[in-house]
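> sequence isn't available, so here's the structure alone:
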């Protein structure tokens, strides 16, 4: 019998997701209904494919939402996260499984009992981060535990970066995902984590000065800054007793120090709008954040304010962005500093057609086994093919697609609202991801931790 | 006929306010009803005074609120600001005037038409800051305008400080008002002002590094940091065309640079609670904000993190607060960093019985008259008598009391929700304040502005 998968939201990030279904359509007897607010944006080969129906889908249209979900066997929502709840409620009413790559919201969590009662799998956080990070970490943590090991330390970093061959600017960075999220990264509260049993809190304005470094064989050196709340993961991963728990974002070394200049100036603030932003030049924008002077140049004021030497590479990084250009105009009405900064960065950091992106994930597991402290380092590197077939789209979309087919085929069947941390869930997904080149390299290394000799300070 | 004044909220800051009414009770034929949640806190001489009735008042008790207001001729609310609306609505219903020292909230503003219709004066922002700042500034601005002058610049700074004779610590500061407000000062958004026609925005983490300096004859040098939104005052003061508008808070020179250490560390954050704060030592609290190390001391880590030399006065300021004491315990459950910092500071910055406080206000007016740029500097210094009869209580309470009597005597009669920026209001209040030693010294000085020669950068 033909099985119907409904995918709502078919933006650029869904290329691999849709291709995976198409590839399996015949063998798995699948029909794919793809609903998007802008169906013309879906590539032509999908419009032409016999296993596909593409239609304009407006999630706010109650009748259409109801009907589309009713006509399907399983629903994949790749819509912006706040729309998931509309889809999820209809899935409960219609009795359909649901798969998303987004964080479980409180609203979605509240549907757990109903989903369970109806035997529905509501799988969330099954993309890259969250997603592959959960699965790959739990696979190694479960293995360590099954050997009798006791977890001492877990650190995890993920970065969406440019591939080495496309790494052509001084920042070693281009936008490979939503630029707005990059500009706002780290805001909304202090970063919280735990190191050797000591709680640590970093305010936003210090976040990019408290980086850690690591080397990935074949790819060189990276840095990581802390994500907002690493403590949230203690319970999900069963790491309540671990002495160190730290999750972060990866960049090439030097990015954070340079990004901190924007933070210090106040350019990443998204909480207020600038008066008269529309006709303002990039230079005038910079000057908003510097003390007034009737004579000193914007350049000198900024260097003095941030204490940068004129031959410092930090300074070169700012120049590369044309930040002091008096002719480039912002052209955004009532914009926040963060929106204006995003626009300036997009001038320089947008991927070229031939540019390739790169996803890097790095886990560090410290544990004690048979009285000895040990450490496993694991890393995953995925390279994109081009500006559309990105490593980001691949690593977000494939686990979603794989999970969907596994649920459809009743290989994943435990009902309820969940994330992929159960062995029965992550094992088959990781196995299939390996066939697509998405896998981790593991190294047993000497235990380092932060305090290998238990020295007290 | 006996006139009844109802004062609700009789905390420490109301000593001068109540004394003013008592002093005028006989001549003005006043009876004073003083309602407070803790009536025992009101001084004995007021309990014994024939013109006073003191009673337990709970603003949340609807019947009591209604009855008390109904029985009065005018109401003074010195309650925490968010309670004013309950009092104000009852004043509308009962047809009574209302006086407060607080900022006009949106809810209070919404009562304007009703108050006006009923002929009721709802006078707000008639304390120190807001209050004396409005009145003294508008007096000079109105005078400049009446002479045909055009306002170019207005800057205003207020500080609640310690009197020189009580200035006994390295910070040149003690708490003379609500400590919580001091710890949270400047938070909640970037500071916004305008200098020489150029908008300027300062993020919180740079606020205390962008100070201005000024000298007050007989009292030495002070510094000022920007208040949150100076632009709000453009309309109220009729300064839409002024090139410079800047309001700020005054401290002794060096305070802001030292305070910035707490900001940088993240200790002023009030948005999250620290795990296990209760049994933590001051030293452990500091260490929460520093990188982990198995060997380095908290002291060295802090000096390195904030780039302070060991012989820097900044370092001495931290030592003076016993910040690195491993035996002093926080003893606050589930406290935010800001609450813990407040507690540590209260150990050192609480006024002694004999300590005197000091209020300093400083205005700068730049204007053009007959083709010439001119400047007036005005300042007010008020010294407290002791820990209870503070300059703060005097400068907040007296203008409230004076305004109340003027309204009662129909000297101020324009109805509606208002602040004291009309000449008919501020003139009689300022005249009476002078009798109590609260007045401004004015100096005509050469125009400085920020760009006296109109040099372009």
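Structure's in. What do you need? As the structure is a computational prediction, the values presented were derived from the model and not from experiment.
> where does chain A dip in pLDDT?
The model of chain A has pLDDT under 70 over residues A:451-457.
> which helix runs longest in it?
helix A:391-408 (DSSP state H).
> next secondary structure after it?
strand A:416-418 (DSSP states H and E).
> any idea which helix or strand comes after that following strand?
The helix or strand immediately downstream of strand A:416-418 is helix A:423-434, counting by DSSP H and E.
> counting by contacts, list what that next one packs against.
Secondary-structure packing of helix A:423-434 (3 or more CB pairs under 8 Å, 6 or more residues apart in numbering or on different chains; DSSP states H and E): helix A:132-146, helix A:391-408. No exception for glycine: its C-beta is placed from N, CA and C like everyone else's.
> for stretch A:433-441, buried residues please.
Judged by neighbour count using 16 or more other CB atoms under 10 Å in any protein chain shown, the buried positions of stretch A:433-441 are A:433, A:436, A:438, A:439, A:440.
> out of the residues you listed, who's nearest residue A:418?
Taking CB to CB as the measure, residue A:433 is the one of the buried residues of stretch A:433-441 closest to residue A:418, at 18.4 Å.
> what parts of the stretch 201-350 of chain A come near chain B?
A:201-206, A:210, A:231, A:264-266, A:269, A:271-272, A:274-276, A:287-298, A:337 (CB under 8 Å from any CB of the partner chain).
> hmm, which of those residues are the buried ones?
For these, a neighbour count by 16+ other CB under 10 Å gives the buried set as A:201-206, A:210, A:264-266, A:269, A:274, A:287-290, A:292-293, A:298, A:337.
> which of those residues fall within helices?
In helices, defined here by DSSP H, the members of those are A:204, A:205, A:206, A:264, A:265, A:287, A:298, A:337.
> now the residues you listed in a markdown table, with distance to residue A:8?
Formatted as a markdown table, those follow (distance: CB to CB, whole Å):
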| residue | distance to residue A:8 |
| --- | --- |
| A:204 | 34 |
| A:205 | 39 |
| A:206 | 40 |
| A:264 | 41 |
| A:265 | 40 |
| A:287 | 45 |
| A:298 | 47 |
| A:337 | 34 |
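> what's the closest non-adjacent residue to the residue sitting nearest the centre point of chain A?
Taking CA atoms, centre = their mean, the centroid of chain A lies closest to residue A:129, which sits 4.6 Å from it. Distances taken as CB to CB, 6 or more residues apart in numbering or on different chains place residue A:158 nearest to residue A:129, at 4.2 Å, with adjacent residues excluded.
> what strand or helix carries that neighbour?
Residue A:158 is part of strand A:150-162 when elements are defined by DSSP H and E.
> could you list the buried residues of that strand?
For strand A:150-162, by 16+ other CB under 10 Å, it's A:151, A:152, A:153, A:154, A:155, A:156, A:157, A:158, A:159, A:160, A:161, A:162.
> quick one: the last one and residue A:175 touch, right?
No. With contact defined as CB atoms under 8 Å, residue A:162 does not reach residue A:175; the gap is 9.4 Å.
> what do those two both touch?
Taking CB atoms under 8 Å, 6 or more residues apart in numbering or on different chains as the criterion, residue A:162 and residue A:175 both touch residue A:351.
> whichever strand or helix holds residue A:380: how far from the chain's middle?
Per DSSP H and E, residue A:380 falls inside strand A:372-383. Counting by CA atoms, centre = their mean, to the nearest Å, strand A:372-383 is centred 19 Å from the centre of its parent chain.
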